[in-house]
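1. okay, sequence plus prediction incoming.
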Amino acid sequence: SKKYVLYLIIDTFKKSNIHLLIKSEFISVEKIIQDLNFIPKAKIPILWMLSYLKELGFLAIKQADNISYFKISKDFPDINPDTVIDRMLKIDKNVLPSNLLLERAAKGYLDFFQGNKTAVDILFTTDKMKLWIEYFSNNNSGYVVYNSFATLGLLKWLLNREDIKILEVGGGTGSASVFFLKEIYNKSLIRKIDEYIFSDISPILLRVGNRAIMEELHDIQMVQLKTLDFNKSF
């Protein structure tokens, strides 16, 4: 929901005092980081948030020497997040995992901006695994659309091919693999796949992904597991 993302950005700006800087004058991301003593890596998420608010009509922007300057042009709305989430869940209760992940990320932004925590600390510690498993699930309406469209593309691609070998990089929790392999199995196209390598840098995710595949697809035996860091040479 755009409205929920809008609430999280406004809340982040108020907690970090960014809203005070963009309220008084046109200001660049670099100056925001300097004035609030944020780490340089804060530039990318702050710029994204400013651009998002600008697209929704809450910020004005001007350019000088290839630098963007932002200023509030319309008062931020007073949004009740519980009301927004309740309305979303009435439409589709299966979007909750996406909201929970957005909320977790937003709560960690100030610590990230100040250099107190890394993104890994905020989102990828062991205690966050349940959050990711529920997000990267075909039961999550906010995520399954990606797996469905990717599968449509793969189905179109493999129709005129045989003896196919597939390497999935960053397989994660396995939901994309499950969606794709189920579709080709149900369409009697599984014979076209000679080898399917499910890879990830994380041994934990390899186990999680493999378990998801095995639980959903008992009759498919060609899947192999590989630990792979694509930042290094194959």
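-> Sure, I can see it. Remember, it's a predicted structure, so these values are computed and weren't measured experimentally.

2. tell me which helix or strand comes right after the top strand by length along the chain.
-> The strand spanning the most residues in the chain, taking DSSP state E as the definition, is strand 193-200. Elements were assigned by DSSP states H and E; along the chain past strand 193-200, the next helix or strand is helix 203-216.

3. chain center to that following helix, what's the gap?
-> Averaging C-alpha positions (CA atoms, centre = their mean, to the nearest Å) puts helix 203-216 20 Å from its chain's average.

4. what's that helix in contact with?
-> 126, 129, 133, 171-175, 177-178, 181-182, 198-200, 220, 223, 225, 227 (CB atoms under 8 Å, 6 or more residues apart in numbering). The C-beta positions use only the backbone N, C-alpha and C, and glycine is treated the same way.

5. show me the strands in the protein, by range?
-> 59-64, 67-72, 164-168, 193-200, 223-227.

6. tell me the gap between the first one and the middle of its chain.
-> Right, strand 59-64. Using CA atoms, centre = their mean, the offset of strand 59-64 from its chain centre is 28 Å.

7. each with direction, which strands does that strand pair with?
-> In the sheet, strand 59-64 lines up against strand 67-72 (antiparallel) (DSSP bridges).

8. cool, and the last one?
-> Under the criterion DSSP bridges, strand 223-227 sits next to strand 193-200 (parallel) in its sheet.

9. off-centre distance for the strand it pairs with?
-> That offset, for strand 193-200, works out to 23 Å (CA atoms, centre = their mean).

10. what about that strand, average pLDDT?
-> For strand 193-200, mean pLDDT is 93.

11. list the buried residues for stretch 46-63?
-> 46-47, 49-50, 53-54, 58-59 (16 or more other CB atoms under 10 Å).

12. got a list of contacts for that stretch?
-> In contact with stretch 46-63 (CB under 8 Å, 6+ apart) are residues 2, 5-6, 9, 12-13, 18, 22, 26, 29, 32-33, 38, 68-74, 76, 113.

13. just the buried members of those?
-> For the contacts of stretch 46-63, buried by 16+ other CB under 10 Å: 5-6, 9, 12-13, 18, 22, 26, 29, 32-33, 38, 68-72, 76, 113.

14. the residues you listed in helices, which ones?
-> Under the assignment DSSP state H, the buried ones among the contacts of stretch 46-63 contribute 5-6, 9, 12-13, 18, 22, 29, 32-33, 113 to helices.

15. turn those residues into JSON lines, including distance to Leu159.
-> Conversion of these to JSON lines gives the following (distance: CB to CB, whole Å):
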{"residue": "Val5", "distance to Leu159": "38"}
{"residue": "Leu6", "distance to Leu159": "42"}
{"residue": "Ile9", "distance to Leu159": "43"}
{"residue": "Thr12", "distance to Leu159": "46"}
{"residue": "Phe13", "distance to Leu159": "49"}
{"residue": "Ile18", "distance to Leu159": "50"}
{"residue": "Ile22", "distance to Leu159": "52"}
{"residue": "Val29", "distance to Leu159": "47"}
{"residue": "Ile32", "distance to Leu159": "51"}
{"residue": "Ile33", "distance to Leu159": "50"}
{"residue": "Phe113", "distance to Leu159": "48"}
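
16. nothing else from me, thank you.
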